[in-house]
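S.K.: how would this look folded up:
(2 chains)
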Amino acid sequence: MSAAAAPILELHGITKMFGGFTALSDVHFSVEEKVIHAVIGPNGAGKTTLFNVISGMFGAEGGSLAFKGQAIDRIKPHQRANMGIARTFQNIRLFEDLSVLENVQVSQHGRHFRTIWSAVSQAIFHAPFSKGSQEIEMEDYAMELLEFLGIAHARNTNAADLAFGERRLVEIARALAANPAIMLLDEPAAGMNPAETENLDEILTRLRDEKNITILLVEHDMNLVMGLSDYVTVLNFGEKIAEGKPDEVQNDPDVIAAYLGTDEEL
Amino acid sequence: MLDAYQESLLIFFGINLIAAFSFYLPFKTGQVSLGQAGFMGVGAYAAGIITTKLGLNFPLGLFTSAIVAGIVGLMVGFPALRIKGIYLLLLTLGFGQIVQVVALTWDYTGAHNGFQSIPKQKDVIYYIYGVLVFIIMFFWRLERSSLGRAMVAIHTDEDAAEVMGIDIVRIKLFAFSVGAAFAGMAGCLFAHMTTYVDSLTFGILLAVNILMFVVVGGGSTFIGPIVGTTVLYFLPETLRTLREWMELVPIEWTESSELLTQGYDWLYEFLDFENEKRWIAYALILILMMIWRPQGLVSRDQLKRLGRRFVGAKS
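M.R.: Reported below is the predicted structural model:
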């Protein structure tokens, strides 16, 4: 984490409007490589909107985004994913009709098949009863990730039939399968019990330390955020009100006033 | 072997099944099209021009029908990308209307007199089942591939699929255009069986029938359209024969009690399915099937479970 390293993700003055409502207003910050960077703020602060802008689901009205030093404002969502920006959803959006394994394989597709023709020829033009080397490679990698997250036993279960905590882990596995440089995790601990949260804490740490993945984390569980994060950015009503190391942010009077209410709640 | 009636049943069954598959492919990516009858019309007229007007051979006509319908499919598919659900239904319905109006007014192909004296292809049944073998192999492979998974993902949640790195635009266009090409071939085969088509041949009723084949059969595996088309195509014919089945009951059984005799007579009267009543029964069965299995008669899930039972619990 040398200070000289270029940030992996830079946001310059991002503004997002919904009609007359300003969801994000001139948001500036950058995310250093191989860190866990949390974005916190009260409900409606614009955190999920921020993720939607970064992943390309929403276009922004103002400002610009750079990933690894390259402007990505005009790049389509699926291309951003294939460049190395993966995400999960707050309101879990798995492909319910596919098995866990297939869910994870889906996000390998774009990386393996850059053009529709390569995808079609892989599908149609090879020996009818063999899986093909690419398919085997994709399956092996997906299994590796499921084992990493401890959900390999559920590989053939339909996503719709999983327990809640496991569904969150499948979301993470699916995002991981895209081989991301940065992962945007939208409230990964929401609805998890303490044991599951502890497990998640360990997984995220290992992702950063073993797989060298940068994590941008939106989370309401303050114990998790403060224990895990290297850096914290605080949003309120679409504006950045503070940033810094967890202990700095915790003691920032603006943050306490706007978000945390009182000191004791921490 | 087959008598003429049986052969024509199999021919039209095959054509309907190709049409059902043409609906099924774009449906896999979440696109519901009422334009498949229109694409059949495009294929029928394109192939008709090749064989009737230019006097070229039938295989070339079949090939042309697929290519032309596929290109038209690409053109309709582009605006269709941004539109979903009921609006896409209306757009494709509108496309079908345009095809009908062109067929009705284009003098070159007979306008309101219809496209006449298309050469009858005597061995059309072999072409039909050849095309079907090709299409079934296509789906069989597709549904075991990465592209097939990507299509299911798009069907389930398009936006999520896109941020997982799936190029939804290309895949949806591919599905729509290839589906249109299948429909075009169905239209060509139809025209060279009946030797006559006009603007009414490929109307809304046909489009809705094609949709029903897939919805009743199930849209999550290619077995669905096969089952759906089989059931819906042969059901009216089967209803016709119910009385014959009743006649197999020995007369002594029914005469053993007054109640049984009355019941038998009443049922025999009721099963008078030679006429329009058959279609009421058909409609009722459709409604019941949709209540009983709204996801269709067969689903991918079911087949997977079945497969695992037979293969054993190894995976």
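
S.K.: low-scoring pLDDT stretches of chain B, where are they?
M.R.: Chain B contains residues with pLDDT under 70 at B:311-315.

S.K.: In it, what residue comes closest to chain A?
M.R.: For chain B and chain A, the shortest gap (Cβ to the nearest Cβ) falls at B:Gly165, measuring 2.9 Å. For every residue, glycine as well, the C-beta is placed using N, CA and C.

S.K.: so who does that residue touch?
M.R.: B:Gly165 sits next to A:78, A:81-82, A:107, A:109-111, A:178 when contact means Cβ atoms under 8 Å, 6 or more residues apart in numbering or on different chains.

S.K.: Would you format those as CSV with secondary structure, neighbour count and pLDDT included?
M.R.: Rendered in CSV, the data for the contacts of B:Gly165 read as follows (DSSP: H, G, I helix; E, B strand; the rest coil; neighbours: other Cβ atoms under 10 Å in any protein chain shown; pLDDT from 0 to 100):
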residue, secondary structure, neighbour count, pLDDT
A:His78, helix, 22, 95
A:Ala81, helix, 27, 95
A:Asn82, helix, 24, 94
A:Ser107, coil, 29, 94
A:His109, helix, 27, 94
A:Gly110, helix, 22, 91
A:Arg111, helix, 15, 89
A:Ala178, coil, 25, 93
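
S.K.: Dump the residues you listed into JSON lines; add distance to B:Gly296 as well.
M.R.: Shown next, in JSON lines, are these (distance: Cβ to Cβ, whole Å):
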{"residue": "A:His78", "distance to B:Gly296": "29"}
{"residue": "A:Ala81", "distance to B:Gly296": "32"}
{"residue": "A:Asn82", "distance to B:Gly296": "34"}
{"residue": "A:Ser107", "distance to B:Gly296": "27"}
{"residue": "A:His109", "distance to B:Gly296": "26"}
{"residue": "A:Gly110", "distance to B:Gly296": "29"}
{"residue": "A:Arg111", "distance to B:Gly296": "33"}
{"residue": "A:Ala178", "distance to B:Gly296": "32"}
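
S.K.: residues from the stretch 1-150 of chain A in reach of chain B?
M.R.: A:55-57, A:76-78, A:80-82, A:86-87, A:89, A:93, A:95-98, A:102, A:105-113, A:115-116, A:119-120, A:122-124, A:128, A:131, A:134-135, A:138 (Cβ under 8 Å from any Cβ of the partner chain).

S.K.: Flag the shaky bits of the stretch 51-200 of chain A, pLDDT-wise.
M.R.: If you take pLDDT under 70 as the line, the stretch 51-200 of chain A has these spans: A:127-128.

S.K.: Quick one: the strands in it, in order.
M.R.: A:62-67, A:70-71, A:85-87, A:182-186 (DSSP state E, counting those that start in this stretch).

S.K.: domain assignment for chain B?
M.R.: B:4-215, B:235-311 (automatic domain parsing).

S.K.: Just say which of those domains is most tucked in.
M.R.: By mean neighbour count, with neighbours taken as mean count of other Cβ atoms under 10 Å in any protein chain shown, domain B:4-215 ranks first of those at a mean of 21.

S.K.: Quick one: end-to-end distance for that domain.
M.R.: One end of domain B:4-215 to the other measures 30 Å (Cα to Cα, to the nearest Å).

S.K.: List buried members of the residues of the stretch 1-150 of chain A next to chain B by neighbour count.
M.R.: A:55-57, A:77-78, A:80-82, A:86-87, A:89, A:93, A:95-98, A:102, A:105-110, A:112-113, A:119-120, A:122-123, A:134-135, A:138 (16 or more other Cβ atoms under 10 Å in any protein chain shown).

S.K.: In helices, which of these appear?
M.R.: Counting by DSSP state H, these place A:55, A:77-78, A:80-82, A:102, A:105-106, A:109-110, A:112, A:119-120, A:122-123, A:134-135, A:138 in helices.

S.K.: Now do stretch B:266-274: everything it contacts.
M.R.: Under Cβ under 8 Å, 6+ apart, the answer for stretch B:266-274 is B:239-240, B:242-243, B:246, B:281.

S.K.: Which ones among those lie within helices?
M.R.: Going by DSSP H, the helices hold B:239-240, B:242-243, B:246, B:281 from the contacts of stretch B:266-274.

S.K.: closest to B:Gly77 out of the strands of the stretch 51-200 of chain A?
M.R.: For these, proximity to B:Gly77 was assessed by Cβ to Cβ; strand A:85-87 is nearest, at 28.1 Å.

S.K.: Sheet-wise, list the partners of the closest one with their directions.
M.R.: strand A:182-186 (parallel) (DSSP bridges).

S.K.: by how many degrees do the strand it pairs with and strand A:62-67 diverge?
M.R.: 120 degrees (axes from the mean of the first three to the mean of the last three Cα atoms, to 10 degrees).

S.K.: Convert the C-alpha atoms of strand A:182-186 to PDB, please.
M.R.: What follows is strand A:182-186, C-alpha atoms only, in PDB (Å, rounded to 0.1, in the frame of the first residue of the first chain):
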ATOM      1  CA  ILE A 182     -12.200  -4.600  -7.700                       C
ATOM      2  CA  MET A 183     -15.400  -6.000  -6.100                       C
ATOM      3  CA  LEU A 184     -18.300  -3.800  -5.100                       C
ATOM      4  CA  LEU A 185     -20.100  -5.500  -2.200                       C
ATOM      5  CA  ASP A 186     -23.500  -4.000  -1.400                       C
END
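
S.K.: So what touches that strand?
M.R.: Outside strand A:182-186, the residues that touch it by Cβ under 8 Å, 6+ apart are A:8-9, A:31, A:47-48, A:51, A:54-55, A:67, A:84-90, A:172, A:175-176, A:204, A:207, A:213-219.

S.K.: How about residue 92: what's its closest non-neighbour residue?
M.R.: This is for chain A. Once flanking residues are discounted, A:Ile92 sits nearest to A:Arg167: 5.1 Å by Cβ to Cβ, 6 or more residues apart in numbering or on different chains.

S.K.: my question was about chain B
M.R.: B:Gly35 (3.4 Å).
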